[in-house]
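Undergrad: predicted model follows, preceded by the sequence.
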Amino acid sequence: MPMIKTNDLTKTFGDVTAVDHVNFTVEHGSIHGFVGPNGAGKTTAMKMLVGHLTPSAGKVQIDGHSAGSIKAKEKLGYSPQEPAFYETMSGRAYLEYLGRVAGVEQPQSRATELLDWLDLTDDAEKHIGGYSGGMKRRLSLAQAMVHRPELLILDEPTAGLDPSGRRTIIESLKDLTDRGLTVFVSSHVLAELEQFIDTVSILIDGELIETGTIDEVQAKYGAETYTVQTTDNSAVVELITDKPWINDVWVDSGAVQVTTDDPTTFKTELQSLLADQGILLESLQQAGGLEDTFADVVDQRQTREEQ
C-alpha cells in the first residue's frame, strides 16, 4: 500500500478548476518532488493531502486512510510555504508546547532532539520573532516533526533562503529517508530539488502532466545538465557561479553539477577559465536535468495547445 494515493483528485473554486483529476502515488520511504509554475495548483493539492481543503471530486488516501481523518493526520506532518508561529515564545518553548498538545512523551527531550538536529540549539532560548528566515524554515520543519510522523508534506521549504540555509534544509531532508520517513516536497528550484528526490510529479494549470522516477521523466524529454570533475572543484564553483551562461551550479557527490541554457558557451568559457587558473579538467559529462525537463514539458504543452 502506498503512503499517498490520489484518485481523480479535483478542486474547483466557482468556475475555476485549480486541480483537475490528478492521479499519482508515493511509496513508503521515498522523497517525492511536486513541481510546477506559480499558479499551477500545487499548494491547493497539498492542502487536500493534508486535509485542510476538501476535494470537489476524487479522493486522497494517506497510508490507506482518507485524507483529513484522525488516522491520516496522525501519520503526517506539514510545513506550509508561509509558516506561522507564536513569535513571543522561544523556539524551545514553542516546540515543547506543541509536543504537549500532540501528546508526545517527554516533550522537553523531543524539543531538544529536534533543535540539535536542525542546528538551532544556540538560538533555542531566543524569541521566534527575532529568528532569521532560515531559522524559521528550520523551526517549521521541527514543528512538523514534533509528533514523529511517518510522512512529511513540505511546501517550498527552501523558499527565500540563502545558499547556506538551503543546504542545511536539503541535508536534513536527505537524512529523513534514512530514518524511514516519506517526504512529499514542492519547490521551484528544480536543479536543487533533483539532488535529493526519488520521484517527481509535474503539475501545470491544475493538470498532472508527468509523474514517475527522475530517470523516467528525464529520459522521455531528453533534458540535460553537466557533471564537471576538476582538480579543484571548489574553485570552479566560485569561478562560474555568477557567469551569465550559468543557470545554477552546486557540488554533489564530489563533482560540480551545472545547468545552463547555453551549453556551447559554457563548454568554451569553462575550458578557458580553467586554463587561466591552472585547473585541470578531468571530465565533462552531459546528463539529464530536471530544470531542462520541466522546460521541455512546458514547451511541448504550449505547442499542443497552439495546434
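TA: Everything's here; your move.
Undergrad: Phe34 contacts Val183, correct?
TA: No: applying C-beta atoms under 8 Å, one finds Phe34 not in contact with Val183, separated by 10.6 Å. To be clear about C-beta, it is placed using only N, CA and C from the backbone, and glycine gets the same treatment.
Undergrad: of the two, who's got more company?
TA: More crowded of Phe34 and Val183, by other C-beta atoms under 10 Å: Phe34, with 28 against 24.
Undergrad: ok, and the closest non-adjacent residue to the residue nearest the centre of the chain?
TA: Centroid check for the chain by C-alpha atoms, centre = their mean gives Val185 as the closest residue, at 4.0 Å. Closest residue in space to Val185, ignoring its immediate chain neighbours: Leu154 at 4.5 Å, by C-beta to C-beta, 6 or more residues apart in numbering.
Undergrad: quick one, what contacts that neighbour?
TA: Contact analysis of Leu154 by C-beta atoms under 8 Å, 6 or more residues apart in numbering lists Tyr78, Ser79, Leu141, Ala144, Leu173, Val183, Phe184, Val185, Ser186.
Undergrad: again, only this time at 10 Å
TA: Residues in contact with Leu154 (C-beta atoms under 10 Å, 6 or more residues apart in numbering) are 31, 34, 46, 77-81, 137, 140-141, 144, 169, 173, 176, 183-187.
Undergrad: now Leu9
TA: 19-24, 41, 44-45, 48-49, 55-60, 67, 208.
Undergrad: re the thing from before, CA atoms only: put whichever strand or helix holds the residue nearest to the centre of the chain into CSV for me.
TA: Using DSSP states H and E, Val185 sits within strand 182-186. C-alpha atoms of strand 182-186 as CSV (Å, rounded to 0.1, in the frame of the first residue of the first chain):
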residue,chain,number,x,y,z
THR,A,182,8.4,9.5,3.4
VAL,A,183,8.7,13.1,2.2
PHE,A,184,6.5,15.0,-0.3
VAL,A,185,8.1,18.3,-1.2
SER,A,186,7.3,21.1,-3.6
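Undergrad: average pLDDT across that strand?
TA: Averaged across strand 182-186, pLDDT comes to 94.
Undergrad: residue ranges with poor pLDDT in the stretch 101-250 of the chain?
TA: Residue ranges of the stretch 101-250 of the chain with pLDDT under 70: 189, 191-192, 218-224.
Undergrad: can you map out the strands along it?
TA: Counting by DSSP state E, counting those that start in this stretch, the segments of the stretch 101-250 of the chain that form strands are 151-155, 182-186, 199-204, 207-213, 225-230, 248-252.
Undergrad: what strands flank the third one, and is each parallel or antiparallel?
TA: By that I understand strand 199-204. strand 31-35 (parallel), strand 207-213 (antiparallel) (DSSP bridges).
Undergrad: swap in the fifth one?
TA: Partners of strand 225-230 in the sheet, by DSSP bridges, are strand 255-259 (antiparallel), strand 281-287 (antiparallel).
Undergrad: can you give me the angle the shortest one makes with strand 248-252?
TA: Between the axes of strand 255-259 and strand 248-252, defined by axes from the mean of the first three to the mean of the last three C-alpha atoms, to 10 degrees, the angle is 160 degrees.
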